[in-house]
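Undergrad: Sequence and predicted structure below; questions after.
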Amino acid sequence: MSPISRALGAFAPVALLLVADTVQDCNEEACRLLGRVRDEVVGLTLIEFSPPYQPDGRESHVTLIERLHAIESRHLQPFPWVFCKGDGGLVPLVISAREVLVDGERMMLLMLTLPPAGN
């Protein structure tokens, strides 16, 4: 990421992850929501800090492949996802995603938010 993008991401009020095959970068808000330090996020796949199953009973790795494919085809609405926090607890979030080009490489920019109250 460029220094400007990094600075904006650090102060963004939303959690941001930049993902290729693995997480390439994240901002402080993403670390806070995930209960992890940056070094515990960058370099991992999303599956490495997801539980084996999502709340709907589906396997995380199967569901994530479907979701990422939908992002690439631009047919994806924000979707709920549960991550494992650094302390082993679970954190339900909503992922909004967009495909972006970074230095000519296709990546996914993920915005993580808390689900609406009552969900």
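TA: Structure's in. What do you need?

Undergrad: what comes into contact with the biggest helix by length in the chain?
TA: Criterion DSSP state H: the longest helix present in the chain is helix 60-72. In this structure, residues lying in contact with helix 60-72 by C-beta atoms under 8 Å, 6 or more residues apart in numbering are 46-47, 50-54, 56, 76, 79, 81, 95, 97-99, 108. C-beta coordinates here come from the backbone N, C-alpha and C atoms, glycine included.

Undergrad: Which stretches in the protein count as helices?
TA: So, for the chain - with DSSP H - the helices run 3-11, 28-34, 60-72.

Undergrad: I'd like to know which elements whichever strand in the chain runs longest is packed against.
TA: Looking across the chain with DSSP state E, the single longest strand is strand 90-102. Using 3 or more C-beta pairs under 8 Å, 6 or more residues apart in numbering; DSSP states H and E, the elements in contact with strand 90-102 are strand 15-19, helix 28-34, helix 60-72, strand 79-84, strand 105-113.

Undergrad: Please spell out the ChimeraX selection for the buried subset of the contacts of helix 60-72.
TA: Of those, the buried ones go into a single ChimeraX selection, burial set by 16 or more other C-beta atoms under 10 Å:
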select :46,50,54,76,79,81,95,97,108
